[in-house]
Every structure is written in C-alpha cells, then in structure tokens.
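Trainee: Generate a structure from the sequence data that follows.
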Amino acid sequence: MLVRELGYELHEGELAGDSFNSGFAMPDGFEAGLFIDGESKFLEISFTFTFSGGMADFVRERIEEIMHVLYEFGCYFTLHVDDDEITFSIFSKIYFAGLNYFALKETIRDLRDAVEANQEILDIDFETEEGNRQGESHGDT
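Mentor: Predicted structure coming up:
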C-alpha cells in the first residue's frame, strides 16, 4: 500500500463489505484516519479533534477562521455538537484516478498543514515525538 511506501505505519484496518477503514501514524507521532468506500471513487483521509461540550462558545468564535484555513488547504470538515462533547473532523480526499505516491504524499501533507493551522487557531498544545510544541491546550486531539 502507498501509505507504507511513504514510510508511515498503517494500523490494522477493518474491512466491511466494499469499505475499508484504518489509520496510519507518521514517524513523528502524527496520526490520521483512512477510509475507502468501494462504491465511491476516492480515498478519504481524516483527523478529528474532540472537545468538552463546555467549549462550544470557544469553537464557535473561531469557526470562520477555521473554514478559511480549510479552504486554503483544499480540505472540508464536519462538526458535531451535543451537550457532552464537540467533535470536529477535518477531511481531505484523493480520487483513485489520480492516486499515486506523489499525489498521496501531497494530500497528506496538505491535511497535516490544515490540522496544524487549526491547532494554532484553537490554541491546542500538540507535541510530536520530536518534541515540537504549539499553543496552549484547550481540548483533546
């Protein structure tokens, strides 16, 4: 699989019918999800932030800036809010017709750049295994 060729560790996945769901980790500790649906024509890559429900105003105040950043990196998002938690997922996709080593590498890089930019917007402290730190912690990643 191309993910392994890029030097990332592919986690054991789940195959359900024509769909495959897994995750991968980069050498520095960054992890993301991977989803393939046999009926669609693309591979989807995702990263999810989870916050306590009490953080709703904090997230809401930053949503416009988040949207601008995601647009810049060609990503999209979903936001699910309930009383207990807020789940904010960032997605990028690559169509099978254009799937090759370099396209996947660039798509993952753009997703990671979008995640890191949103970590700054959301003031999240994220430390990789290389010891790089950013921001203050306001939620869970």
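
Trainee: Skip the chain neighbours and tell me the closest residue to the residue lying farthest from the centre of the chain.
Mentor: Farthest-out residue of the chain from its mean C-alpha position, per Cα atoms, centre = their mean: Gly17, at 24.0 Å. Ranked by Cβ to Cβ, 6 or more residues apart in numbering and with sequence neighbours excluded, the top spatial neighbour of Gly17 is Gly38, at 7.4 Å. In this view, the C-beta of every residue, glycine as well, is placed from N, C-alpha and C.

Trainee: Mind jotting down where the strands sit in the chain?
Mentor: If you assign secondary structure with DSSP state E, the strands in the chain sit at 9-10, 14-16, 19-25, 31-37, 42-52, 76-81, 85-95.

Trainee: between those, which one is nearest to Ile124?
Mentor: strand 42-52 (7.3 Å; Cβ to Cβ).

Trainee: same for that closest one, what does it pack against?
Mentor: Counting contacts by 3 or more Cβ pairs under 8 Å, 6 or more residues apart in numbering; DSSP states H and E, the secondary-structure elements packed against strand 42-52 are strand 31-37, strand 85-95, helix 101-121.

Trainee: which residues of this structure score low on pLDDT?
Mentor: Within the chain, the ranges that satisfy pLDDT under 70 run 1, 125-141.

Trainee: Spatially central residue in it, please.
Mentor: Here the mean C-alpha position of the chain is nearest to the C-alpha of Phe47 (Cα atoms, centre = their mean), at a distance of 2.1 Å.

Trainee: Quickly note the distance from it to Glu14.
Mentor: Distance check for Phe47 against Glu14: by Cβ to Cβ, to the nearest Å, it reads 18 Å.

Trainee: just Gly54 next, same as before
Mentor: Between Gly54 and Glu14 the distance is 32 Å, computed by Cβ to Cβ.

Trainee: my guess is the residue farthest from the centre of the chain meets Ile36, correct?
Mentor: No - under the criterion of Cβ atoms under 8 Å, Gly17 makes no contact with Ile36, lying 11.4 Å away.
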